[in-house]
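Trainee: any chance you can model this:
(chains A and B)
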Amino acid sequence: MSSIAMNKPGTTVLLMGNEAVARGAIEAGIGVAAAYPGSPSSEVLPAIAGVAKEMNIHAEWSVNEKVATEVAAGASFAGIRSFVVMKQNGVNVAVDFIVNLNMTGIGEGGMVIFVADDPGGMTSSNEEDSRTITKWLDNPLLEPSSAQEAKEMTKWAYELSEAVNLLTFVRGVTRISYTKSNVVLGELPERREKKAYFPELWDMYNPKKSKFTSGPFPIYHKPLHEKLEKAREIFETSTFNRYRGPENPDVLVITCGACTSYCTEAVDELRAGDRVGVLKLGTTWPLPEKLVAKHLSTTKKVLFVEEMDPFVEQSVMELAASLLPTTCDLTFYGARSGHLTPYNEQSTNLVINALMDILGTTYQPRDLTYDREAKEAIKIVPNRPINMCPGCSHRATFWAVKKALQLDGRKGFLCGDIGCYSMGFAGPGFFQSRTMHAMGSGTGVANGLGNLKHFGFDQPVLAITGDSTFFHATMPALVNGVYNNSNFILLIVDNSATAMTGFQPHPGTGQLATGEQATVVDMEGLCRAIGAEVKVCDPFDLDNATATLLGMMQQDAGVRVIIMRHMCQLVKDKRKIPRKYKMHVDSEKCLADTCGCDMLCTRLFGCPGLMVDRETGKASIDEALCVGCGLCTDICPANAIIREEAIG
Amino acid sequence: MKVKGCRELIEEVVDEGLCAYCGACAGSCPYLVSYKGRIVPLDNCTISEGQCFKYCPRTPIDLDAISQEVFGTVYSDDELGNAEEVLIARSTDAYIRERAQYGGTVTALLSLALEEGFIECAVLGKMSDEKIPCTFLARDKDQILQCAGTSYMACPILEALNQFPKESKERLGIVAMPCQVLALSKMKKDPPQNRVDIGNVKLVIGLFCTWALCHDTFHRFLRENFDLSQVIKFDIPPPPADRFDVYTISGRTSFPLEQIRKFIMTTCSYCLDMTAEFADISVGSAEGIEGWNTVIIRTKTGADLMQLAETKGILETQVLPDENLAHLKTAAIEKKKRALKNIVERTGGKEDFLYLGGLSEGVIDKLLEY
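Mentor: Here you go, the predicted structure:
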């Protein structure tokens, strides 16, 4: 049995932060969980889906974050505790619904949203602080500082949600989601056979509007602010807010989330525990003002340590302004003062540097030769630029796109999108993607570019989207293009998975989040029904894919769709589909860096399964990485890369 | 003669409007391909001295050295180049003549060369259904006949040569425009690496050329006026007709030649060579003698093939009347003079003749004095 569903309260288990969050939701007795995959949040829903049946939970991958939030709201309306999970970008998608949901309030079932932010944008198309959204939405916000606290907060968030009748945010960051640490399990709820029921029915004898339809807005907005004030009162005594340090610290550090550890470590490293106090806030919006005001009165210097936007910093400074003149002696340090940055991740070192400056102390963590030796050591680490996997079908698609665009010669270009094929903006996709923004935006932007004919615009426009992204946000843009007579080609790179985030199924795969069979939504039929001309190609048939794309480009009218269908190599591996070819290089034939080749395969094509033999200078196959897809045979100008049918 | 790379070829030749679309740079590497009248770079090749640049007929060329290679003598300042014999000829086969543009001499000679095993494959240009000249490999007489007639557009046949497998031993014959013959001669002078042996090319039949049409603009004109699937052939009847004829299923449509001249490729105005001076045999129309070709025999290979054709009764030949010869020479020298004048105008002086090297001062002065 997965430790997620282990019914042994008090037991310590090793859990990833995302699993701890899932456990928290399970301990809270959720009945519904919905999510759209996106790192660093992707592991929460599968953890729940894995035990969904035994725990009587409906767990689903929704087509996008807005729908996921609506799914959860539906459950809440019918009295069922529900959970919705996404990464920071997802909140932007869901926010239109949430702002309206806040007007009506949720149902009887508590509703919690877990958002995993990605400081530094390590696995994202952007760097965004989702906390600010809670401020203008008017939703309570909790920020866990460890996996254990993530579990506790998620569970407690349901009590809060029900107490104030509001969707409650739990905001993690990459370092919380992907940390594995000890978590002490709590109690699992009794399996309740609670009947879900939607209470707000029409009464013909007393017809009135439902609780779940909002407006008139001045009337509805006021109680929303009152709910938030109630949350603030609850937060004043929350044990998620803690202080460690002297009664009257020289410097008061106010921090939250993953930064908590950096701060306590920094104080310990500096042996400044008698001079520096750390106020760790777990409830960051609305700010527990009385608590914070009390701490502000104990010091003259305040340092804010948080990741990305100066969210707490601004709230506290706003509070300080309201407390004037009692706060007039205070000096604030943080993003505004330049002691820390309002972007990227924080670290213990950065906090140490900030504290050194404020305290006027020095700190030498290691001997002076360390940095020099570290610089030497780093030279032996091979450079590993981002790349697509060996055998990736996207590489074939971008190769075909590059050739078709060059042959066409009218200065056409590709609008990129979000997924593994995002790498089209760089070397792995031959720098073919010339725009890249949000999910589905490539197609939306192509809509606009494809409708500029009357300004003399004559460049062919291509857009690319993945299969999962297609269902998420590309479909409306495709409809828009057909409806508004735009002129572009949409390439749907259908690799039968949401590959970038870990092979989650989607409506086109015929599989549910729980692994059960699902109805396959026919992408091709859908595009045809929308009114686009549709062609389907296997990008591994490079010549045909290129010719088909080129032929479509030269029609130069209307919205055309080309589905580049080839299963993700990693999905093939998971399904144990045997490798097609055994590859080798005939070094007699290989032209290497001479005229006629110039190392096309390793220099430009760039499959990780290909390498240069140091001794001969010729191409060779890295047998540890090659998956035997055979594509490189088709690009080698000298027919030197040989594919033989793999046996067995 | 400094050899540069692919990027310079594109910048200095293609982007400058000097590309003759001969195909010499394409087909033997993954970077350059021909497509609908354009040489297209597919990606960045970093070879600093590329064969693409080396064999281009519009990159620096030493005409004396080439002439030494082909004829064993310096570049001739004669109007028709190194000509052993000039005569008129036509195929004795009425079936061939009916399908050929003029006298069917090229078709007859190629067929003979194939039948005799002198060559095994002919590298030719053929009009596609879309009326785009495409390369075609003919291995029998019927296939050769399919290629008869001209499109008046350049066809990158040397790309097809470059695409032959490196290890191929097939003996080849090529029918080429003057620019293409020039590129082939560059290859003969300094054989390519990593490609099929240039020695496999056993026969080069050059075609007379005053200019070729730009695919893009000419095609746009054709599409505006015709359903391309109905077009059968093109012709420029001899002077003083001064017109361009398009034959379709429903008959002939004529245009003033001046209207078509707008579509001439820029590069043609810098070309010196009307009669394919480095070929084994050069063939063109015989102005004023309908149904016959003018033939210039230049090498022993050419002479032997002509001799055999006459002996076997495949070709009938006659002496080219003096008046016609004089007319031919005038046309040839006029093209040279025009080209040199245009080159000097473009470069701004006699110090730079674009791609032309190895022209003796005597030749230059002779051409420029007109």
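Trainee: tally of neighbours for the closest residue to residue B:264 other than its chain neighbours?
Mentor: Once flanking residues are discounted, residue B:264 sits nearest to residue B:211: 4.5 Å by Cβ to Cβ, 6 or more residues apart in numbering or on different chains. In short, each C-beta sits where N, CA and C put it, glycine included. By other Cβ atoms under 10 Å in any protein chain shown, 18 other residues sit near residue B:211.
Trainee: now residue B:211: phi and psi?
Mentor: phi -170, psi 170 (degrees, to the nearest 10).
Trainee: got the residues of chain B near chain A?
Mentor: Counting by Cβ under 8 Å from any Cβ of the partner chain, the positions of chain B adjacent to chain A are B:28-31, B:33, B:35, B:38, B:40-47, B:49-52, B:166, B:193-195.
Trainee: among these, which ones are in strands?
Mentor: Per DSSP state E, strands hold the following members of the residues of chain B next to chain A: B:33, B:35, B:38, B:40-41.
Trainee: quick check: the two most widely separated of those?
Mentor: Longest distance between any two of these is 10.9 Å, between B:35 and B:41; criterion Cβ to Cβ.
Trainee: any idea how far the helix ranked longest in chain B is from the chain center?
Mentor: Using DSSP state H to define each element, chain B has its longest helix at helix B:322-347. Helix B:322-347 has its C-alpha centroid displaced from the chain centroid by 17 Å (Cα atoms, centre = their mean, to the nearest Å).
Trainee: mind listing what's buried in it?
Mentor: Residues of helix B:322-347 classed as buried: B:324-325, B:328-329, B:331-333, B:335-340, B:342-344 (neighbour count, 16 or more other Cβ atoms under 10 Å in any protein chain shown).
Trainee: what sits against the residue nearest to residue B:264?
Mentor: B:261, B:264-265, B:268-269, B:271 (Cβ atoms under 8 Å, 6 or more residues apart in numbering or on different chains).
Trainee: where along the stretch 51-200 of chain B do the helices fall?
Mentor: B:51-54, B:63-71, B:94-99, B:105-115, B:141-146, B:157-162, B:178-189 (DSSP state H, counting those that start in this stretch).
Trainee: in the stretch 301-450 of chain A, what residue comes closest to chain B?
Mentor: Nearest to chain B, among the residues of the stretch 301-450 of chain A, is residue A:407, at 4.6 Å (Cβ to the nearest Cβ).
Trainee: next: chain A.
Mentor: residue A:596 (4.0 Å).
Trainee: and that residue, how many neighbours does it have?
Mentor: Neighbours around residue A:596, by other Cβ under 10 Å: 24.
Trainee: what's the answer for residue A:388, then?
Mentor: Residue A:388: 23 neighbours (other Cβ under 10 Å).
Trainee: so who does it touch?
Mentor: Contacts of residue A:388 by Cβ under 8 Å, 6+ apart are A:394-395, A:420, A:423, A:428-429.
Trainee: pLDDT weak spots in the stretch 1-150 of chain A?
Mentor: Filtered on pLDDT under 70, the stretch 1-150 of chain A yields the residue ranges A:1-2.
Trainee: tell me where it has helices.
Mentor: Counting by DSSP H, counting those that start in this stretch, the helices of the stretch 1-150 of chain A are A:17-27, A:44-49, A:52-55, A:65-77, A:88-104, A:131-137, A:147-164.
Trainee: how much space separates the residue in the stretch 151-300 of chain B positioned nearest to chain A from residue B:291?
Mentor: At 4.0 Å from chain A, residue B:194 is the closest residue in the stretch 151-300 of chain B, using Cβ to the nearest Cβ. Distance, residue B:194 to residue B:291, using Cβ to Cβ, to the nearest Å: 45 Å.
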